[in-house]
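**Student:** Below: sequence and its predicted model.
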Amino acid sequence: MSDQLTPILDCRVVVERGAFKLDVEVSVEQAEIVALVGPNGAGKTTLLEAILGWLPLTEGEILLDGRVLEGPGENKSVQTHEREIGMVFQDGLLFPHLNVMRNIEFGTGKSLENVNRLLTALEISDLVDRYPKELSTGQRQRVALARTLATAPKLVLLDEPLGSLDVTGRAVARKLIGNVLRKTGAGALVVTHDPADAFALADRILVLENGRVTQYGSPDQIRTRPATKWVAELVGWNFFEANGTGSLARLSNGTEIATAHSGLDGPVVVTINPTAVALYREQPAGSPRNSWHCRVESIEFVADVARVSLVGPFDLSADVTRAAVAELGIDTGSAVWASLKATEVGIQPLDG
Amino acid sequence: MTPQLPRLLRLAAFVAVAVVAAPLFSLLWRIPWSELPRLLSTEVVADALFLSLLTSLAAALVALLIGIPIAFQLSRMSGLPASTLRAVATLPMVLPPVVGGAALLFAFGRKGLLGETLDNAAGLVLPYTPAGVVIANAFVATPFVVLTIESGLRALDPRYELAAAALGASPLRTTLRVVLPMIRSSLVAGAFLAWARALGEFGATITFAGNVPGRTQTLPLAVFVAMEADRDAALAMSLVLVFVSLVVLVSLRDKWWPAR
């Protein structure tokens, strides 16, 4: 295996399309799975198509395993079919006139051993004689992955590989895809709109918003320190823009939130983990400075957790246990007190 | 259930079909059925039939060879350049075939722009030869190939080509192994239409290749001549042309203009 410090993909991609500008730096390590998340229109598919060489770069450089595919010094860019980058499309895009086996063999030389291993790993050995139209969505997706991996690419791009599967199919396919990808040792860049996929599958998550990277880190970093409103909502966090003075963050409506930080000065972003918000029927006695009188807007249950949406001086979400909801006896429209320790208030500089 | 058409429209359709079918019916009415074997086996008819089959097939092949590259090029163009190229490539479809034949003479005639060079360099003379029949037929048949195949290419999701490239296939391999097989119904439709058009060709052929029995006299030309001399022979040959055309159209059904 080559040096861990050399990323398999190292690129800066700038693509301008009318008013939209994509300007992204990404690196993917060997055998690493990077999830690419972001709101619709953020430029996720554009980024994949640029890396693949389907869209010309306005500016930037693409290095794959140290080889320059496209860059300022190169007057000619390497063509898509010579890039050693594979792509799995959302709808699979299997060739309809070829059966499963011929689809999978399409890009391979004669490495049938590799093909057989993939057929077994992806549980599609029984389907080799079928034509794409005779396959289910999930089967088509797995055949598409096998077809791409059979060419032994150095980097695999996956555009919403689980997008067209139902919930139960997703969990199984996610696990299968993750296992197979890791075994190949190729780097992978996976576009997904489902945070569950990103957190379960990826070593790192890249957040793309309006053509820019707003956060790039491990799932834990993303989960515990969301950097933007969109990420915060993605992971279920509360997120507010505020003005900091000393240890206080003041929202635009005047509400003050006490923090454990000091020396705040100017615009900041306040993040609040919904699990840190405590709910009471009566105004809590004693210390918590951050307590607000709220009304319950809605309660949603996910497994054992109740996500309580509150309307008060500002909108706030709280995650409490199912048991706590029963104990408090709250329902939509109930009045509650929400409180929060100053140490649980996250502060980030406002940028981007 | 499909909603019923208004009674008036159904009546109009019935009348229209009758009008269209009347000449065909009249032709069949007049055919001397018992004489048919004898009429179709005279030397003039047999020669014309053989020449027509040979030249129309060759012309369909030439039309494919010329039309496919044009269709590929057109499918990648847009705006005014595309409209202009498409107009030029499909002009022979609207042009009176006689004009097309004349234009071919100015190009490939002995004194023509290219013909003189061809004659001097390779001793190749096209006018008034069977090869000239093929050229004239291909000239009028090519637009059918261009239009059907371009339409097939435009209906094909371009991401299939991206998928093939991402699997390491060169543009040539992608075209041969993915694009052409995926538009095969357009290819078949284009080939059949070109062949059918070539089989019925008259004006460009008589202008560019003449009307020499056994050499450049195709079936339509033989029918034209026979209308003066031997009506029964003309009817018999017409029957052959009607039969072939119907078979082609019925077997193509609505495939000739693939849905976009």
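**Tutor:** Received it, and whenever you're ready, just let me know what you need.
**Student:** quick one: low-confidence parts of chain A?
**Tutor:** Applying pLDDT under 70 to chain A flags the ranges A:1-5, A:73-75, A:109-111, A:167-168, A:287-288, A:350-352.
**Student:** Report the central residue of it.
**Tutor:** A:Val37 (3.5 Å; CA atoms, centre = their mean).
**Student:** contacting residues for it?
**Tutor:** Neighbouring residues of A:Val37 by CB atoms under 8 Å, 6 or more residues apart in numbering or on different chains: A:Lys44, A:Val191, A:Thr192, A:His193, A:Pro195, A:Ala198, A:Ile205, A:Leu206, A:Val207, A:Leu208, A:Leu234. C-betas here are computed from N, CA, C, even on glycine.
**Student:** 7 Å instead?
**Tutor:** Counting by CB atoms under 7 Å, 6 or more residues apart in numbering or on different chains, A:Val37 touches A:Thr192, A:Pro195, A:Ala198, A:Ile205, A:Val207, A:Leu234.
**Student:** where do the helices sit along the stretch 101-250 of chain A?
**Tutor:** A:112-121, A:137-149, A:167-184, A:195-201, A:219-224, A:229-234 (DSSP state H, counting those that start in this stretch).
**Student:** in the sheet, who's paired with the residue nearest to the centre of chain A?
**Tutor:** A:Val207 (DSSP bridges).
**Student:** Quick check: residues of chain B near chain A?
**Tutor:** B:159-160, B:162-163, B:165-170, B:178, B:181-182 (CB under 7 Å from any CB of the partner chain).
**Student:** Top of those by number of neighbours, please.
**Tutor:** B:Ala166 (29 neighbours; other CB atoms under 10 Å in any protein chain shown).
**Student:** got the residues of chain A near chain B?
**Tutor:** A:52, A:54, A:80-81, A:85-87, A:89, A:93, A:95, A:97, A:106-107, A:147-148, A:151.
**Student:** could you flag which of these are buried?
**Tutor:** Those of the residues of chain A next to chain B that meet the buried threshold are A:52, A:54, A:80-81, A:85-87, A:89, A:93, A:95, A:106-107, A:147-148, A:151, by 16 or more other CB atoms under 10 Å in any protein chain shown.
**Student:** For whatever residue of the stretch 1-150 of chain A ends up closest to chain B, list the residues it contacts.
**Tutor:** The nearest approach of the stretch 1-150 of chain A to chain B comes at A:Gly107, 3.1 Å away (CB to the nearest CB). Contacts for A:Gly107 (CB under 7 Å, 6+ apart) come out as A:Arg147, A:Ala150, A:Thr151, B:Leu167, B:Gly168, B:Ala169.
**Student:** Provide the backbone phi and psi angles at the nearest residue to the fourth one once chain neighbours are set aside.
**Tutor:** The one in question is B:Leu167. Spatial nearest neighbour of B:Leu167, excluding adjacent residues (CB to CB, 6 or more residues apart in numbering or on different chains): A:Gly107 at 3.1 Å. For A:Gly107, the backbone dihedrals (degrees, to the nearest 10) come out as phi -100, psi 0.
**Student:** and if you look at A:Gly53?
**Tutor:** Dihedral angles (degrees, to the nearest 10) for A:Gly53: phi 90, psi 10.
**Student:** Burial check on it, number of neighbours?
**Tutor:** 22.
**Student:** For A:Ile62, see how far away it is.
**Tutor:** Computed as CB to CB, to the nearest Å, the A:Gly53 to A:Ile62 distance reads 8 Å.
**Student:** Give me the common contacts of these two.
**Tutor:** In contact with both A:Gly53 and A:Ile62: A:Leu69, A:Glu70, using CB under 7 Å, 6+ apart.
**Student:** List the residues that contact B:Ala58.
**Tutor:** B:Val134.
**Student:** Model confidence score at it, please.
**Tutor:** We have a pLDDT of 97 for B:Ala58.
**Student:** distance of it from chain A?
**Tutor:** 29 Å (CB to the nearest CB, to the nearest Å).
**Student:** Got the phi and psi for that residue?
**Tutor:** The phi/psi pair for B:Ala58 (degrees, to the nearest 10) is phi -60, psi -40.
**Student:** which ones are touching whichever residue of the stretch 151-260 of chain B sits closest to chain A?
**Tutor:** Taking CB to the nearest CB, chain A has its nearest neighbour within the stretch 151-260 of chain B at B:Leu167, 3.1 Å off. Residues near B:Leu167 by CB under 7 Å, 6+ apart: A:Phe106, A:Gly107, A:Arg147, A:Thr148, A:Thr151.
**Student:** try 8 Å
**Tutor:** Applying CB under 8 Å, 6+ apart, the residues near B:Leu167 are A:His81, A:Gly86, A:Phe106, A:Gly107, A:Arg147, A:Thr148, A:Thr151.
**Student:** Between the residues of chain B next to chain A, which sits nearest A:Ser125?
**Tutor:** B:Leu167 (20.6 Å; CB to CB).
**Student:** pLDDT at that closest one, what is it?
**Tutor:** 95.
**Student:** Nearest to chain A: which residue in the stretch 1-150 of chain B?
**Tutor:** B:Arg76 (14.4 Å).
**Student:** Burial check on that residue, number of neighbours?
**Tutor:** 10.
**Student:** now it: how far from B:Leu105?
**Tutor:** 33 Å.
**Student:** what does B:Val134 give?
**Tutor:** 15 Å.
**Student:** the more surrounded of the two?
**Tutor:** More crowded of B:Val134 and B:Leu105, by other CB under 10 Å: B:Val134, with 24 against 21.
**Student:** what helix or strand does that one sit in?
**Tutor:** helix B:130-155 (DSSP states H and E).
**Student:** host element of B:Val248?
**Tutor:** Using DSSP H and E, B:Val248 falls in helix B:231-252.
**Student:** Dump that helix to PDB, keeping only the CA atoms.
**Tutor:** The C-alpha trace of helix B:231-252 is given here as PDB (Å, rounded to 0.1, in the frame of the first residue of the first chain):
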ATOM      1  CA  ARG B 231     -50.500  -1.500 -70.300                       C
ATOM      2  CA  ASP B 232     -50.700  -5.000 -68.900                       C
ATOM      3  CA  ALA B 233     -47.000  -5.200 -68.300                       C
ATOM      4  CA  ALA B 234     -47.100  -1.700 -66.600                       C
ATOM      5  CA  LEU B 235     -49.900  -3.000 -64.400                       C
ATOM      6  CA  ALA B 236     -48.000  -6.100 -63.400                       C
ATOM      7  CA  MET B 237     -44.800  -4.200 -62.500                       C
ATOM      8  CA  SER B 238     -46.900  -1.600 -60.600                       C
ATOM      9  CA  LEU B 239     -48.300  -4.500 -58.600                       C
ATOM     10  CA  VAL B 240     -44.800  -5.500 -57.600                       C
ATOM     11  CA  LEU B 241     -44.000  -2.000 -56.400                       C
ATOM     12  CA  VAL B 242     -47.300  -1.600 -54.500                       C
ATOM     13  CA  PHE B 243     -46.700  -5.000 -52.800                       C
ATOM     14  CA  VAL B 244     -43.200  -4.200 -51.700                       C
ATOM     15  CA  SER B 245     -44.100  -0.800 -50.400                       C
ATOM     16  CA  LEU B 246     -47.000  -2.100 -48.400                       C
ATOM     17  CA  VAL B 247     -44.900  -4.800 -46.800                       C
ATOM     18  CA  VAL B 248     -42.200  -2.300 -45.800                       C
ATOM     19  CA  LEU B 249     -44.700   0.200 -44.300                       C
ATOM     20  CA  VAL B 250     -46.700  -2.500 -42.500                       C
ATOM     21  CA  SER B 251     -43.600  -4.100 -41.000                       C
ATOM     22  CA  LEU B 252     -42.200  -0.800 -39.800                       C
END
